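> Build me a model:
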Amino acid sequence: MQNTAANATNGLGDLLRRIETRDFTVGIVGMGYVGLPLAMTFAANGFHVTGFDSDPKKVEALVAGRSYIKHITHAQVAEARAGDRLSATAEFDRLGEPDAVLLCVPTPLNRNREPDMTYVEASARALARTLRPGQLVVLESTTYPGTSDELIRPILEAGGLTSGTDFYLAYSPEREDPGNKDFATGKIPKVVGGDGADALKLAQAMYDAIVPQTVPVRDLRTAEAVKLTENIFRSVNIALVNELKQVYGAMDIDVWEVIDAAKTKPFGFMAFYPGPGLGGHCIPIDPFYLTWKAREYDMSTRFIELAGEVNVSMPRQVVTKLGEALNARQRRALNGARILLVGLAYKKNVDDPRESPSFKLLDLLTDKGAEVAYHDPYIPKIPSMREYPQYAGKASVALNAETLAEFDAVLIATDHDEIDYATIADSAALVIDTRNAMAKHGYSNPRIVKA
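Presented below is the predicted three-dimensional model:
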């Protein structure tokens with residue numbers, strides 16, 4: 001055992017030196033909105049990266065030097081391919097090749113709003129079949145505290161290797177913000193927790209090579225808790241302003257004007273804005289990971305759950321507002337009304353529809369008998385998704401005066417900068433604006449209703 005430990009120590013020194021010289025290879029499992037930007041960041045800093053994905057279309061695109069994510073350009077992928085710094089494969093039996101394997105796979109909720117660890121567990125089992133001494137394994141997917149040491153470590157150790165002695169296990173939560181030009185992956189500090197001092201040292205050295213700062217924490221669970229805390233903070237504050245929107249609306253007070261005035265205070269206030277619900281793969285999901293895990297300790301998370309209830313209720317509030325506005329201004333019901341939903345992505349200026357509240361709006365309106373079309377410059381056709389498979393293939397319609405004349409109302413769900421708000425202001429019979437987009441672009445008339 002002492003000799004094995006000594007060999008591991010010597011191996012650690014060699015790995016650290018190879019990180020410095022960029023003779024250290026990285027494998028990333030899951031080449032989506034987290035994995036691909038991370039791969040490009042490693043490649044841009046001189047590492048060779050192999051992307052692993054079960055989707056052959058993604059692998060084919062990367063091998064051909066093409067991107068499938070809006071904020072990653074074809075030129076960036078082509079440059080990394082030409083420099084022999086990026087490769088891609090669907091062959092998971094090659095996971096033993098890289099020095100480090102980073103897991104960037106989905107962690108959704110099941111129908112009971114409990115963690116669905118299918119993708120994490122499948123990735124860990126695939127890795128376990130090829131795991132070799134000296135490899136670093138890092139989970140980046142958002143999850144509950146205890147995932148790395150309770151789920152991943154036993155799977156990896158089942159083959160006879162031991163974490164901290166034969167291989168290294170760490171957790172470093174992704175902090176990707178798609179579409180944010182000020183904070184690309186390589187500009188965001190990385191929190192790192194390790195299963196022991198050596199794992200922490202190795203993972204920190206690797207991330208130090210690609211980001212401006214690493215933030216080491218005590219252990220794996222602490223790092224896992226950091227990510228949940230970041231997104232629970234956002235979820236709770238968004239729920240607060242969503243509730244304030246309803247209260248102030250009843251008082252004929254514009255919540256957006258209130259928030260914009262309040263944020264001029266240079267301390268003690270952080271601006272969050274209301275919307276039609278929560279979207280993306282983090283904020284609508286992450287709080288429930290902690291809620292689920294807390295039950296194991298006989299703890300309740302009433303504050304978090306209340307925030308979730310408020311945010312989940314927002315699409316229904318918006319549809320109610322739309323129905324009231326149609327009745328008041330056009331003397332017609334939602335049943336049979338033609339509605340144009342503007343914006344399908346979960347946030348502005350991205351092509352990511354995951355967990356978008358627009359799909360819930362689409363569902364609610366359809367259930368009430370409305371005919372619904374959508375326009376989104378970044379999502380020309382709805383992709384196949386785990387949720388809402390019935391909408392796969394539905395195409396975006398053009399946004400012009402002729403098209404708008406066919407609809408009874410426009411519902412703005414996502415405030416992309418590329419939307420033609422002038423045409424909406426001039427030609428729409430009724431506008432229900434959940435993002436204050438019309439006012440932000442200087443348009444105001446009696447046909448525009450904030451919701």
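> doesn't T50 fall inside a helix?
No - T50: not assigned to a helix; according to DSSP: H, G, I helix; E, B strand; the rest coil it is strand.
> Report the secondary structure state of V211.
coil.
> which residues touch the residue lying closest to it once chain neighbours are set aside?
Spatial nearest neighbour of V211, excluding adjacent residues (Cβ to Cβ, 6 or more residues apart in numbering): K190 at 5.0 Å. Every residue, glycine included, has its C-beta placed from N, CA and C. Applying Cβ atoms under 8 Å, 6 or more residues apart in numbering, we find K190 in contact with 172, 175, 207, 211, 213-215.
> I'd like to know how many residues surround V318.
23 (other Cβ atoms under 10 Å).
> And V258, by the same measure?
So V258, with other Cβ under 10 Å, has 14 neighbours.
> Against which helices or strands is the helix or strand containing it packed?
In the assignment (DSSP states H and E), V258 maps to helix 255-262. In terms of contacts (3 or more Cβ pairs under 8 Å, 6 or more residues apart in numbering; DSSP states H and E), helix 255-262 is packed against helix 220-250.
> switch to 10 Å and redo it
Secondary-structure packing of helix 255-262 (3 or more Cβ pairs under 10 Å, 6 or more residues apart in numbering; DSSP states H and E): helix 220-250, helix 437-440.
> Could you check how far V101 is from V217?
21 Å (Cβ to Cβ, to the nearest Å).
> Tell me where the stretch 301-450 of the chain has strands.
In the stretch 301-450 of the chain, strands defined by DSSP state E, counting those that start in this stretch lie at 338-342, 371-375, 409-412, 431-433, 448-450, listed in chain order.
> And the ones you listed: which comes nearest K57?
strand 371-375 (23.1 Å; Cβ to Cβ).
> Okay, buried residues for that closest one please.
372-375 (16 or more other Cβ atoms under 10 Å).
> and if you look at stretch 356-368?
Applying 16+ other Cβ under 10 Å to stretch 356-368 flags 356-365, 368 as buried.
> quick one: stretch 356-366 to chain centroid distance?
Here the centre of stretch 356-366 is set off from its chain's centre by 19 Å, with Cα atoms, centre = their mean, to the nearest Å.
> how close does G194 sit to R153?
12 Å.
> R386 too?
In terms of Cβ to Cβ, R386 sits 27 Å off from R153.
> The two - which one has more neighbours?
R153 (20 against 9).
> Can you say which helix or strand has that one in it?
Assigned by DSSP H and E, R153 falls in helix 153-157.
> Tell me the buried residues in the following helix or strand past that helix?
Counting by DSSP H and E, the next helix or strand C-terminal to helix 153-157 is strand 168-171. Using 16+ other Cβ under 10 Å as the test for burial, strand 168-171 gives 168-171.
> Adjacent strands (with direction) for the helix or strand that strand 168-171 is followed by?
Moving toward the C-terminus from strand 168-171, the next helix or strand (DSSP H and E) is strand 190-194. Using DSSP bridges, the strands paired with strand 190-194 in its sheet are strand 168-171 (antiparallel), strand 214-216 (parallel).
> To R302, which of those lies closest?
strand 168-171 (27.4 Å).
> follow-up on the earlier one: which of the contacts of K190 are buried?
172, 175, 207, 211, 214.
> got the CA positions of the helix holding V258 in CSV?
C-alpha atoms of helix 255-262 as CSV (Å, rounded to 0.1, in the frame of the first residue of the first chain):
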residue,chain,number,x,y,z
VAL,A,255,-42.6,47.1,-11.3
TRP,A,256,-39.8,47.6,-13.9
GLU,A,257,-39.7,51.4,-13.1
VAL,A,258,-39.6,50.5,-9.4
ILE,A,259,-36.6,48.1,-9.9
ASP,A,260,-34.7,50.5,-12.2
ALA,A,261,-35.1,53.3,-9.6
ALA,A,262,-34.1,51.0,-6.7
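> How far off centre is it?
Distance, centroid of helix 255-262 to centroid of chain: 27 Å (Cα atoms, centre = their mean).
> quick one: buried residues of that helix?
Buried-residue list, helix 255-262, by 16+ other Cβ under 10 Å: 255-256, 259.
> With stretch 178-192 instead?
Result for stretch 178-192 [16+ other Cβ under 10 Å]: buried residues 178-179, 184-185, 188, 190-192.
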